[in-house]
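K.L.:
Turn this into a model:
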Amino acid sequence: MLAISSATKEAYIGIEANGKRVFANIDANCKQSESILVKIDEMLEQNVIEANDIGNIAVVVGPGSFTGIRIGIALVKGLCAGKKERVVAISSLDYLAREVLKSKPESDYICAIDALSGLVYVKEFDKSGNGLCEEKVITREEFEKCKLKKFGLEEESVCENKVSLTSKTLLEIALEKEGQKQFVDVKSIAPIYLRKSQAEENLKKNKKTS
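P.N.:
Alright, predicted model coming up:
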């Protein structure tokens, strides 16, 4: 199994093959499109793992960085071209919730990622980490009124309770979904955007004022 997340500022990679588990993060300042494949090659070489031994692939499909999501999905489609590997799709908010679950929350909670432009991507979970709704985008004002305990990414200022993502957790989720046979067709794998990109919003505004 190869698990990839590029939906946030830092990219995460986890690999399980031949009884080995290896993990890596790519610094937020690196260009993910140029760095992820290089890092995967390094991980395989350093741990004496053949590319053909990886098997299925998991990718975080959003919500989050529009560019990062596109990079991750395009990369997985390229790796799967002409092969029989199956794909697991992971929500970035489910990923964040799994990290929160390690702190053993005592009640329901909400996970959030900054969607910019005064918007927030959110999803509610019970104290066992089960999703209570689908991912959605709400205004910052609506988010602040929410009564549930709020958790956000370490690198963002969307809320006070900060959570760090890890490659280990990413791989754990991927292997769990693989065991449950929660696969998606690689040809139809779709990003979770929830809103238009900033470029699309700007284009829309320019058309209205022209």
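
K.L.:
pLDDT weak spots in this structure?
P.N.:
Counting by pLDDT under 70, the chain has low-confidence residues at 28-33, 197-210.

K.L.:
Walk me through the domains of it.
P.N.:
If you go by automatic domain parsing, the domain ranges for the chain are 2-91+165-200, 94-163.

K.L.:
before we move on, which element is the residue nearest to Glu172 when sequence neighbours are not counted in?
P.N.:
In space, and not counting its chain neighbours, Glu172 is closest to Arg98: 7.3 Å by CB to CB, 6 or more residues apart in numbering. Backbone N, C-alpha and C define where each C-beta goes, glycine included. Arg98 is located in helix 92-101, with elements delineated by DSSP states H and E.

K.L.:
so how far is that helix from its chain's centroid?
P.N.:
9 Å (CA atoms, centre = their mean, to the nearest Å).

K.L.:
From Leu44, how far off is the residue nearest to Val87 when sequence neighbours are not counted?
P.N.:
Leaving out its chain neighbours, the residue that sits closest to Val87 by CB to CB, 6+ apart is Val186, at 4.7 Å. To Leu44, Val186 is 21 Å away according to CB to CB, to the nearest Å.

K.L.:
do the same with Met1
P.N.:
13 Å.

K.L.:
Kindly report the same for Leu79.
P.N.:
12 Å.

K.L.:
re earlier: what number of residues lie near the residue nearest to Val87?
P.N.:
For Val186, the count of nearby residues is 19 (other CB atoms under 10 Å).

K.L.:
ok, now Gly82?
P.N.:
Neighbours of Gly82 under the rule other CB under 10 Å: 4.

K.L.:
Is it part of a helix or strand, or is it coil?
P.N.:
Here Gly82 is recorded as coil under DSSP: H, G, I helix; E, B strand; the rest coil.
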